[in-house]
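Q: Sharing a model prediction with you, sequence too.
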Amino acid sequence: SAVISQKPSRDICQRGTSLTIQCQVDSQVTMMFWYRQQPGQSLTLIATANQGSEATYESGFVIDKFPISRPNLTFSTLTVSNMSPEDSSIYLCSVVTGKAFFGQGTRLTVV
Amino acid sequence: RKEVEQDPGPFNVPEGATVAFNCTYSNSASQSFFWYRQDCRKEPKLLMSVYSSGNEDGRFTAQLNRASQYISLLIRDSKLSDSATYLCVVNEDSSYKLIFGSGTRLLVRP
């Protein structure tokens, strides 16, 4: 199993600013995944964060908007840059160790 | 066409009822299948994996039909605590990348 600590749990941000979300895992994992869950929707994969290499982004998501860091095997950050109200969503990190485990999520509201 | 499609719900059932959720997936090469449960304002948590032979965990039974690319979840003797959104999840390859359905909301009433 894996325990993921994600923070902040929620934030309200002004448009045009950036927010960095952190995830700390209690064990070493090769890949960490970042998802977005918009209101009333399911989870959409943003990118896969690999330690020691650039993150792999899914269609519709770009590094300039969602830069990711993965400095070691237990930690990753996702930054939501130059935010607009359309970025209001829940952001979740995840790891797979036999099954998928998720952080508690960050509820972001952009005003 | 969405990669993973589910009944939209919501399903509103009385306690003790049996309810079934369906899910279809588009990629015939998909390898692993799961049902996750997500409570309101919480992260998803694995309910059960789905195997070709079908599997049961207490009141929950999952079925997979690879020929029809169809997955189901059956909940017997529904409890109030079963109220949640149920997500059908597919792993298309060995990369651990998961594809989520849009979820089916279940409301169990007294």
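A: Nice, thanks for sending it over. Residues are numbered from 1 along each chain as shown, chains lettered A, B, ... in the order given.

Q: Contacts for stretch B:17-24, please.
A: Residues external to stretch B:17-24 that are found in contact with it (C-beta atoms under 8 Å, 6 or more residues apart in numbering or on different chains): B:4-7, B:11, B:13, B:35, B:68-78, B:86, B:88, B:101, B:104, B:106, B:108. Glycine gets a C-beta too; all of them are placed from N, C-alpha and C.

Q: CA atoms of that stretch as CSV?
A: Only the C-alpha atoms of stretch B:17-24 are listed here, as CSV (Å, rounded to 0.1, in the frame of the first residue of the first chain):
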residue,chain,number,x,y,z
ALA,B,17,-32.3,-3.3,-3.0
THR,B,18,-30.0,-4.9,-5.5
VAL,B,19,-28.5,-2.5,-8.1
ALA,B,20,-26.3,-3.1,-11.1
PHE,B,21,-23.9,-0.7,-12.9
ASN,B,22,-22.6,-1.2,-16.4
CYS,B,23,-19.5,0.0,-18.1
THR,B,24,-18.1,-0.4,-21.6
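
Q: In the sheet, which strands lie alongside the helix or strand of chain A with the lowest mean pLDDT, parallel or antiparallel?
A: The least trusted helix or strand in chain A, going by mean pLDDT, DSSP states H and E, turns out to be strand A:99-102, with a mean of 89. Each strand paired with strand A:99-102, and its direction, by DSSP bridges: strand A:89-97 (antiparallel).

Q: next one: the strand it pairs with to chain centre, how far?
A: Relative to its chain's centre, strand A:89-97 lies at 6 Å (C-alpha atoms, centre = their mean, to the nearest Å).

Q: What are the buried residues along that strand?
A: A:89, A:90, A:91, A:92, A:93, A:94, A:95, A:96 (16 or more other C-beta atoms under 10 Å in any protein chain shown).

Q: and what of stretch B:3-18?
A: Result for stretch B:3-18 [16+ other C-beta under 10 Å]: buried residues B:4, B:6, B:7, B:9, B:11, B:13.

Q: can you pull the contacts of the residue nearest the centre of chain A?
A: Central residue of chain A (C-alpha atoms, centre = their mean): residue A:34, 3.8 Å from the mean position. For residue A:34, the contacting residues are A:45-49, A:66, A:68, A:76, A:78, A:91-94, by C-beta under 8 Å, 6+ apart.

Q: Spell out which parts of chain B neighbour chain A.
A: Within chain B, the positions near chain A by C-beta under 8 Å from any C-beta of the partner chain are B:34, B:36, B:41-46, B:49, B:87, B:89, B:95-103.

Q: Out of those, name the ones that lie in strands.
A: In this view, the residues of chain B next to chain A that belong to strands under DSSP state E are B:34, B:36, B:45, B:46, B:49, B:87, B:89, B:98, B:99, B:100.

Q: how about residue 16, what does it touch?
A: With no chain named, the answer covers chain A. Applying C-beta under 8 Å, 6+ apart, we find residue A:16 in contact with A:82, A:83.

Q: nope, chain B please
A: Here residue B:16 is in contact with B:77, B:78 (C-beta under 8 Å, 6+ apart).

Q: Residue B:60 versus that one, what's the distance?
A: 15 Å (C-beta to C-beta, to the nearest Å).

Q: what does residue B:85 give?
A: For residue B:85 relative to residue B:60 (C-beta to C-beta), the value is 15 Å.

Q: Could you check which of the two is surrounded by more residues?
A: When residue B:85 and residue B:60 are compared for neighbours, residue B:85 comes out ahead with 21 against 17, by other C-beta atoms under 10 Å in any protein chain shown.
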